[in-house]
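Asks: the sequence and its predicted three-dimensional model are supplied below.
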Amino acid sequence: MKKNILLLLVLASLTLLGLLYFLNENKKPDEIKVGIFLFTSHKVIDEINLGFKDELLALANKNKLTIKIEEKNANGDQIQLEQITNYFKNGKFDLIFVVGAPAAKMLKDRNVKTPVVFGGIPDPIEMNIVTSLNNHNSNFTGTTYFPPTDKILNLFLESFPNSKKIAVLRNPAEPNSVSVANAFIKNSIKKNIQIVDLPSTDGTQIETSLRTLSINKVDGLFIPTDNLVYSMLDRVIDESKKKNIVTFSCTKLSVEKGALFALGAEYNFVGKESAKVAFPILTKEKTVEETPVLVVNTGNFYVNKKDPNYKKLKKIDGYIETDIQ
């Protein structure tokens, strides 16, 4: 009798443990599970991520839905990038939100079948993430924002008309950086501006590139959206200021760090727009295949009034000047 009772207790305990494991490993039937995959951490990526989460949870609350978010960050590391990709590929997620072209590309290359929404990638077609913005017919969609490199260049040249040579500091291993830098370089060549291309794939090469700025006697330094360069942005801008070189870019963050000006989107807004793309997919109102990539066209004119060169800076039509410093 005692043996039977003991056996029943053991079986009950195992059943309870199995139930607890099942509940822990599986989402509730009415719970929506969203994975967030970040390539690395810096303010641009963080703002997109925060905007996405704030808007998504606000939409869920408004519609009385429960959304569970699980966030992973590769910290720019290739091994972590692969491990997190496999984790999301094998996990049970209703949708994956990804920020950072290398992370999005990895999900695409590994043939992840879960609906994927990317945030703010400049040129998803060139990066082979989608074949078309409108009729991509794939499980990848999201938002795209391409900085107005032509307007950025024109503003610099109108403000500093004697400029003949501009340096471009970029990481050739980053698709985002390559697409924006190439567009800027192409526009510069059309205007007979000499470009000093400074490709750098690590911190040591960036330091070497910074030392060549004076040697090349450049008039300005353009910084595209670049995870590596932005991880050393304080150092880059500080060094360019020591050499009296005008630094300009396409993000609010660059001006916050000391660049003279930038034309660019509010990346928190990009994140919110990404959530608006994702939500109808989560609620089954739309399929990911029929959801077009949303082009974000709005932008701001960020300026650093503390920079001595601010007085030379011209106005630009269609943009409201925003003092960051």
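Replies: Nice, thanks for sending it over.

Asks: show me where pLDDT drops low in this structure?
Replies: 1-30, 325 (pLDDT under 70).

Asks: ok, 90 please
Replies: Applying pLDDT under 90 to the chain flags residues 1-31, 42-43, 174-176, 214, 225, 227, 297-299, 315-325.

Asks: which residues in stretch 254-261 does the neighbour count mark as buried?
Replies: 254-255, 257-261 (16 or more other C-beta atoms under 10 Å). C-betas here are computed from N, CA, C, even on glycine.

Asks: show me what that stretch is in contact with.
Replies: If you take C-beta atoms under 8 Å, 6 or more residues apart in numbering as the criterion, stretch 254-261 is touched by 43, 155, 223, 230, 233-234, 237-238, 241, 246-249, 262, 301-304, 307, 309-310, 313, 324-325.

Asks: let's see 7 Å
Replies: Contacts of stretch 254-261 with the rest of the structure, by C-beta atoms under 7 Å, 6 or more residues apart in numbering, involve 223, 233-234, 237, 241, 246-249, 262, 302-304, 307, 309-310, 313, 324.

Asks: now, of those residues, which are buried?
Replies: Buried among the contacts of stretch 254-261 by 16+ other C-beta under 10 Å: 223, 233, 237, 241, 246-249, 262, 302-304, 307, 313, 324.

Asks: just how off-centre is stretch 303-317 within its chain?
Replies: Relative to the mean C-alpha coordinate of its chain, stretch 303-317 is positioned 27 Å out (C-alpha atoms, centre = their mean, to the nearest Å).

Asks: for stretch 131-150, same thing?
Replies: Centre-to-centre, stretch 131-150 and its host chain are 13 Å apart (C-alpha atoms, centre = their mean).

Asks: identify each buried residue in that stretch, please.
Replies: Within stretch 131-150, the residues that count as buried by 16+ other C-beta under 10 Å are 136, 139-150.

Asks: same question, stretch 61-75
Replies: Residues 65, 67, 72-74 are the ones in stretch 61-75 that count as buried (16+ other C-beta under 10 Å).

Asks: can you check stretch 281-294 too?
Replies: Going by neighbour count (16+ other C-beta under 10 Å), the buried part of stretch 281-294 is 281-282, 288, 291, 293-294.

Asks: circling back: which pair in the buried residues of stretch 254-261 spans the largest distance?
Replies: Greatest spatial distance among the buried residues of stretch 254-261 (C-beta to C-beta): 257 and 261, at 12.5 Å.

Asks: possible to save the buried residues of stretch 281-294 as a markdown table with secondary structure?
Replies: As requested, these are exported to a markdown table (DSSP: H, G, I helix; E, B strand; the rest coil):
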| residue | secondary structure |
| --- | --- |
| 281 | helix |
| 282 | helix |
| 288 | coil |
| 291 | coil |
| 293 | coil |
| 294 | strand |
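
Asks: next, format those as a markdown table and append distance to residue 170.
Replies: Shown next, in a markdown table, are the buried residues of stretch 281-294 (distance: C-beta to C-beta, whole Å):
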| residue | distance to residue 170 |
| --- | --- |
| 281 | 33 |
| 282 | 35 |
| 288 | 32 |
| 291 | 31 |
| 293 | 24 |
| 294 | 26 |
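
Asks: please consider this matter closed, and thank you.
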